[in-house]
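In: Predicted model and sequence follow; I will ask about them next.
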Amino acid sequence: MPTPRQAALSMLNQVLAEGRLMSEPAALRALEGLDAPSKARALRLANETLRNLERADKLLKPHLRKEPASYVMNLLRLATIELAQGGDAHGVVNEAVALLSKHKKYGAMKGLANAVLRKIAAEAVEKIKILRAPRLPKWLRGPLTEAYSSEIMGQIELAHLAGAPLDISVKSDAPAWAEKLGGTLTPFGSIRLQDAGQVTALAGFEAGEWWVQDTAAALPAALLKAKMGEKVLDMCCAPGGKTMQLAATGATVTALDASESRLARVRENLTRTKLAATLLCEDALTHEGTYDAVLLDAPCSATGTIRRHPDLPHAKTGEEFGALIELQAQMLAHAAGLVKSGGRLVFCTCSLLPDEGEVQVEEFLDMHPDFTADTSVLAHEGVDPAWITEEGGLRLRPDYFNEIGGMDGFYMAVLNRA
Ligand SMILES: C[S@@+](CC[C@H](N)C(=O)[O-])C[C@H]1O[C@@H](n2cnc3c(N)ncnc32)[C@H](O)[C@@H]1O
C-alpha cells in the first residue's frame, strides 16, 4: 500500500508529466488501497503542491544547479511545500529520501535530495511568505487579463491560492442545518464549513438532507425559480447538484447527460437524497420535448473551479476549448427550441472565459429575437448589481466573497421566451 506522500507524488507526476487531471481514472488509481483519511491527506498534499508550484520552484532554484528529471523535481516540490507549510522536517525529508532511494533510475540522487531538502527545511517557512501568489500559465492568464485587467487577475490568483471551503446545499431549512453542522450561511444562502473533515461522516449526509455544491454553482438553479408541478429539463445534469435543487422544488424534472458513468452519480445522489427525476442517457443535441423551463449547464473549460482543482491549469493547454465553445453555442440554440412560449432558459458555465459566457449569450440574443435576458430575476439575495453584465447575464468571480472564502467563477443568464 502506498503512503499518502507516495500517492500524492504519483498524482503530481500524472498531472505534470502526463497532462492528466487528478479526477481521471488513471490518476485516481494512485489512491487505491488507501483508507479515507490517507486519501484525503494525499489529495491535500498534491493540491497544495499544485497551488504553490511556482513558489516551490522559486524556493528550490537557488539549491539546484540545473533542474533534475521531472520525477525528482516533483518529489522535491512536494516535500518543499510540505516543509514550507510547517510539516515535520524529519519525517518529510526522510520519506522523500527513502522514496528516491527505492527508485531504479534516480536512486543515486538521494544524496542531492537530502542536502537540498535540509536547506529548504531551515528556510522555507519564512521564505514562502514573501513570494507572490502563483500566476496562471500564459495560455490562460493572457485571455483572462484581457477580460478582467491585471489587477483583478492578481486577486483571482490570490483566491486560487487560498483554496476553497466546503459549501452545502440543503433540501430545506438552511439556517437550522448551518447551526447543526457548525457552519455559516453565505450571502446566497448556502451553508459554508471552513474545515469540514470527512464529508460522509457529517450529520445529515447519510440521511440525504444535503449535498456538496459550491455557493456560486447553486445560483443558476435558484434563479430558474422552478415551481411545484412545472415541467423542467436539466440538459447536462451529472453529477446532479442542480438536478437535486430542481427536484427539491417539487417540479417534474427530466435530467439528461451523455455519459452513462456520470449519470450513475446522479442516480446515487437522488437515491441518497430521496429526490425524484427522470434520468435519460442521451445527447442533449438530439433531445426533443417542450418544457416550462430548461437549465443548460454546458460542458466548459471549468476554469472557474481552479480554487478546488489546481491541477487544471497544469494539466490542460487550452487546445480543446475551441470545440467546447462551439458545442455550447449548438446546445444553447437547441435548448431554445425546447422552451415553450412564455417559458425560460437558464444558461450557465463554470468558466471564467467570456467566450463561454457573455459572448455566447450576446450572440444567442442576436440570433433569437424571441428571447430576452431577464435581469430583474438576478436581484437575488447576496448578488451585487455590479456583477450584472452588458448583455444581461451575471458574472461571478473567485475573488468575490473573498472575506469568507470566495466562490467558484461562474457565468449565468436567465433568458425568457416571448
Ligand atoms: C458542467 S457538467 C454538468 C454539471 C451538473 N449540471 C451539476 O450541477 O452537477 C457538464 C455535463 O455535460 C455532459 N455532456 C457533455 N456533452 C453532452 C452532450 N452532448 N449531451 C448531454 N450531456 C453532455 C457531461 O457528461 C457533463 O456531465
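Out: Yep, that arrived. Residues are numbered from 1 along each chain as shown.

In: For this structure, which residues are neighbours of the ligand?
Out: 236-242, 256-259, 262, 283-285, 297, 299 (CB under 6 Å from any ligand atom). Every C-beta, even on glycine, is put in place using the N, C-alpha and C of the backbone.

In: Quick check: strands, which of those residues are part of them?
Out: Taking DSSP state E as the definition of strands, the residues of the chain next to the ligand contribute 256-257, 297.

In: Which residue is the nearest non-sequential neighbour of P354?
Out: A147 (5.1 Å; CB to CB, 6 or more residues apart in numbering).

In: these two touch, right, the one you found and L353?
Out: Yes: under the criterion of CB atoms under 8 Å, A147 makes contact with L353 at 7.3 Å.

In: Work out which residue lies at the spatial centre of the chain.
Out: T305 (3.0 Å; CA atoms, centre = their mean).

In: if I pick that one, what's in contact with it?
Out: 214, 312, 350, 408-409 (CB atoms under 8 Å, 6 or more residues apart in numbering).

In: Now secondary structure and pLDDT too, for those residues, in CSV please.
Out: Formatted as CSV, the contacts of T305 follow (DSSP: H, G, I helix; E, B strand; the rest coil; pLDDT from 0 to 100):
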residue, secondary structure, pLDDT
D214, coil, 98
L312, helix, 98
C350, coil, 98
D408, coil, 98
G409, coil, 98
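
In: Nearest to the ligand among those?
Out: C350 (6.1 Å; CB to the nearest ligand atom).

In: so the closest one sits right up against M407, yeah?
Out: No: between C350 and M407 no contact is recorded; they are 10.6 Å apart, counting by CB under 8 Å.

In: So which of the two has more stuff around it?
Out: M407 (31 against 26; other CB atoms under 10 Å).

In: and that one, what element?
Out: In the assignment (DSSP states H and E), M407 maps to no helix and no strand.

In: Confirm for me that it is in contact with T215.
Out: Yes: the pair M407 / T215 is scored as a contact, 5.2 Å apart, by CB under 8 Å.

In: Buried ones in the lengthiest helix in the chain, by neighbour count?
Out: Longest helix of the chain, by residue count under DSSP state H: helix 110-127. Across helix 110-127, burial judged by 16 or more other CB atoms under 10 Å covers 110, 112-113, 116-117, 120-121, 124.

In: and what of stretch 287-307?
Out: 287, 291-307.

In: State the distance from G111 to the ligand.
Out: 48 Å (CB to the nearest ligand atom, to the nearest Å).

In: oh sorry, the question was meant for L78
Out: Counting by CB to the nearest ligand atom, the gap from L78 to the ligand is 30 Å.
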